[in-house]
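> Turn this into a structure:
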Amino acid sequence: QVQLVESGGGLVQAGGSLRLSCAASGRTFSNYAMGWFRQAPGKERDFVVRINRSGSSTYYADSVKGRFTISRDNAKNTVYLQMNSLKPEDTAVYYCAAWRTGSYNDATSYDYWGQGTQVTVSS
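As a prediction, the model looks like this:
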């Protein structure tokens, strides 16, 4: 089992920045590639970004490319999501998840999920 706890969400104006954190406990964090997803009200959970186990490889959804940056600190068992130039359409609950197998942008490929953190971007 891997327990994941997100933090860092909040209310920000368009153009602003937030940094989300996802702290992991349980099994060895460095064994897992990690992803961030988001879900807006009434919509499906969408892939945002993933990072491999060492942090050397990342893959972003087109909608956030150039604005969001994922990183991880395996010594601290934490993955981060730096979000810049935020837009109202970025408003959603953001979830981190530990990848198991399959496509990185498919939520069913992830075994463990956090409870989510709300990000609200006002216009």
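> what's the closest non-adjacent residue to W36?
Leaving aside its chain neighbours, W36 sits nearest to V48 (4.3 Å; criterion: CB to CB, 6 or more residues apart in numbering). For every residue, glycine as well, the C-beta is placed using N, CA and C.
> what's around that neighbour, how many residues?
Around V48 sit 24 other residues, with neighbours defined as other CB atoms under 10 Å.
> show me what contacts it?
Shown in contact with V48 (CB atoms under 8 Å, 6 or more residues apart in numbering): 35-38, 60-61, 64, 68, 81, 94.
> how much space between it and Q1?
In this view, V48 and Q1 are 24 Å apart by CB to CB, to the nearest Å.
> Q115: what secondary structure?
Here Q115 is recorded as coil under DSSP: H, G, I helix; E, B strand; the rest coil.
> Contacts only, for it.
Taking CB under 8 Å, 6+ apart, one finds 5-6, 95 in contact with Q115.
> Count the residues that sit near G102.
Using other CB under 10 Å, the number of residues around G102 comes to 11.
> Which pLDDT value goes with it?
At G102, the predicted lDDT confidence score is 91.
> Report the contact partners of it.
Contacts of G102 were listed using CB under 8 Å, 6+ apart, and they are 108-109.
> make it 6 Å
Residues near G102 by CB atoms under 6 Å, 6 or more residues apart in numbering: S109.
> what do you get for D90?
So D90 contacts V121 (CB under 6 Å, 6+ apart).
> how about stretch 110-123: buried residues?
For stretch 110-123, the neighbour count (16 or more other CB atoms under 10 Å) marks 110, 112-114, 116-117, 119, 121 as buried.
> Among those residues, pick out the one closest to G15, please.
V121 (8.9 Å; CB to CB).
> that's a helix at that closest one, yeah?
No - using three-state DSSP, the assignment for V121 is strand, not a helix.
> which strand residues sit across from it in the sheet?
V12 (DSSP bridges).
> Check whether it really touches P88, as I assumed.
Yes - with contact defined as CB atoms under 6 Å, V121 counts as touching P88 (5.0 Å).
> Now do the shared contacts for these two.
Here V121 and P88 have A14 as joint contacts, going by CB under 6 Å, 6+ apart.
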